[in-house]
Structure formats: structure tokens, C-alpha cells
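Engineer: model this:
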Amino acid sequence: MKKLVIVLMSDINISPLRVEMSMRFALRASEDNRFEVKYFFWADGVKVPRQIQDMSHLNELFNKLLEKGITVMACVNNSNKLGEVEFIEQQGVSVLAIGPELLDLIEQDAKVITF
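Structural biologist: Residues are numbered from 1 along each chain as shown. Predicted coordinates for the structure are as follows:
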């Protein structure tokens, strides 16, 4: 099975469309049994779970990521700097050092797509 990593570095203020398309693509890819999908909130992307609380269509996509069992993580360093750690963890997202995880995945020939 091929590894696919989707990294969301944008927030709603940068591009609502990138936020939406990153989640839609992750969900679509998770339906294809050729791929193991991981979804990372990184940089400004760590603000997204809070930003989309009242945006039903985006919040629904976010919840589907979690419900489908897609590995969803947020960068601990960015989350700390932006004051989002507690909120993100309450949403069921793992908060950890994304850099080492991403390097390991790249070493394993994972495909990485950034939004």
C-alpha cells in the first residue's frame, strides 16, 4: 500500500478553498485501497479546526476525516505558538512533532501533497 500525506499549511484566511479541497482529497484518497492516507495540520493550518467550528460544510468534512480513521495530526510547535494545542486535542487530533514523522514517511517513499 502506498503512503499519501496531505499537509494543510493554509488557514481559512489564506484560502478557504485550499482548506476544503485538502479535506475532500484526503477523503477521496482514503476510499482507494491503494493508499494509506495521513492528514497533517502544519503552520497556519493548525488554526483550521477552530476556524471551521461554525462552518458546517467544512466541519462536516473534518469530522469525516476522523470518522474514517484517517490519521490526523497537528504540529505541536505550531500549535503551541498559535495557542491551539488544547482545542486541537479536544477535537481528537494528535498533536506531535510533525517534522520527524514527515521525514520518516518521505524515507518510506510516501507521496506528499501540500495545500
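Engineer: okay, now residue 82: neighbour count?
Structural biologist: Other residues lying near residue 82 total 18 when counted by other CB atoms under 10 Å. C-beta: built from backbone N, CA, C; applies to glycine.
Engineer: in contact with it, which residues?
Structural biologist: 44, 46, 47 (CB atoms under 8 Å, 6 or more residues apart in numbering).
Engineer: what does residue 105 give?
Structural biologist: Remark: with contacts taken as CB under 8 Å, 6+ apart, residue 105 is in contact with 3, 5, 38, 112.
Engineer: all strands of this structure, in order?
Structural biologist: In the chain, strands defined by DSSP state E lie at 2-8, 35-41, 71-75, 94-96, 111-114, listed in chain order.
Engineer: what does the second one contact?
Structural biologist: Contacts with strand 35-41, where a contact means CB under 8 Å, 6+ apart, come from 1-8, 22-23, 26, 29-30, 48-49, 65, 70-75, 78-79, 88, 93, 98, 101-102, 105, 110.
Engineer: centre of the chain to that strand, how far?
Structural biologist: 7 Å (CA atoms, centre = their mean, to the nearest Å).
Engineer: helices of this protein, start to end?
Structural biologist: Counting by DSSP state H, one finds helices in the chain at the ranges 16-30, 48-51, 56-67, 76-81, 85-90, 98-107.
Engineer: for ChimeraX, write the select line for the buried members of the contacts of residue 105.
Structural biologist: A single ChimeraX command selects the buried members of the contacts of residue 105 (16 or more other CB atoms under 10 Å):
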select :3,5,38
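Engineer: dump the contacts of residue 105 to CSV, plus pLDDT.
Structural biologist: Written out in CSV, the entries for these read as follows (pLDDT from 0 to 100):
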residue, pLDDT
3, 98
5, 98
38, 98
112, 98
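Engineer: out of the strands of the chain, flag the one nearest residue 53.
Structural biologist: Proximity to residue 53 (CB to CB) singles out strand 35-41 among the strands of the chain, at 14.4 Å.
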